[in-house]
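1. Below is the structure, and that's it, no one-letter string:
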């Protein structure tokens, strides 16, 4: 069936969430809008009302959240002249701004993707250019953090700018991870490459978006085998892969059900394992005579 009208913008994820809440808590909606006081009352003791609470916050987070809600008016155009077996292939390469593309994919692939791998900028100190509306300069960062008034007057004598680099990186990552999660099916998994610069922030932001209970592992992989001669203190030879499942399943005993298939051991690995166990269990023979210092 062909729809009467073709949507010219991507769906608003907020409307989808509100619709889900409306089905669960219809009494919390008054005149078509969510009544927060009624919603809190319905949730009872499950609502956190304290002024201080645990969570991740940075300058520009509100703008990053709004970036998810802004619908895209773009469209994907096929390039048959650059394609191979266009009508029969099952593979697609999409070139474009990844935030816009993730929004455009929602309508066709929402909740259908099994695996996502992301290799984002590592924020190594270079001045990355992010095309999003919420990127900010030093003065904008100082305003976000309350160190500069709207009139440009400094409100503190010792201004701090170090968090600006982390804030811009987090604002770039947040909407993209939110949209990536929407694409995953319930048992879908996501892997994100990262190094030491933003590992801690990536873990925190993914815990917030995917939920701590859906964390699978931090995989460490060795990217090179020779030390670098131009580093200070340590030569970094490794990077990380953070992995999450969209919705972890649990059995009746409350134990997590495996999401990924476990790799089996080779015969060589089994042989080494048995050899080492035998060596550890072998009796220890001590030499006679006085003990050595």
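-> The structure has been received and is ready for your questions. All of these numbers come straight from a predicted model, not from anything done at the bench.

2. which strand is the longest one in this structure?
-> Counting residues, the longest strand found in the chain (DSSP state E) is strand 184-194.

3. Flag every buried residue along the helix or strand just after that one.
-> Per DSSP states H and E, strand 184-194 leads on to helix 199-210 as the next helix or strand towards the C-terminus. Using 16 or more other C-beta atoms under 10 Å as the test for burial, helix 199-210 gives 201, 202, 203, 204, 205, 206, 207, 209, 210. In short, each C-beta sits where N, CA and C put it, glycine included.

4. Out of those residues, flag the one nearest to residue 104.
-> residue 209 (20.1 Å; C-beta to C-beta).

5. If we ignore the residues flanking it in sequence, what's nearest the closest one?
-> What sits nearest to residue 209 in space, not counting adjacent residues and going by C-beta to C-beta, 6 or more residues apart in numbering, is residue 177, at 5.1 Å.

6. Can you tell me the element the one you found falls in?
-> Residue 177 is part of helix 163-183, with elements assigned from DSSP H and E.

7. Show me the shaky parts of the chain.
-> Scanning the chain for pLDDT under 70 picks out 1-9, 45-47, 49-50, 123-164, 274-293.

8. Going along the chain, name the strands of it.
-> 29-30, 33-34, 113-118, 184-194, 215-222, 238-245.

9. if we can go back for a sec, helices or strands up against the helix holding residue 177?
-> Under the contact criterion of 3 or more C-beta pairs under 8 Å, 6 or more residues apart in numbering; DSSP states H and E, helix 163-183 touches helix 13-24, helix 61-69, helix 98-109, strand 113-118, helix 138-144, strand 184-194, helix 199-210.

10. Next, the angle from the longest strand of the chain to helix 199-210.
-> Taking axes from the mean of the first three to the mean of the last three C-alpha atoms, to 10 degrees, one finds strand 184-194 and helix 199-210 inclined to each other by 170 degrees.

11. contacts for strand 184-194?
-> Applying C-beta atoms under 8 Å, 6 or more residues apart in numbering, the external contacts of strand 184-194 come out as 111-120, 122, 177, 180-181, 202, 206, 210, 216, 219, 239-247, 249, 259-260.

12. can I get the buried residues of helix 199-210 in TSV with distance to residue 273?
-> Shown next, in TSV, are the buried residues of helix 199-210 (distance: C-beta to C-beta, whole Å):
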residue	distance to residue 273
201	38
202	34
203	31
204	37
205	38
206	34
207	34
209	38
210	34
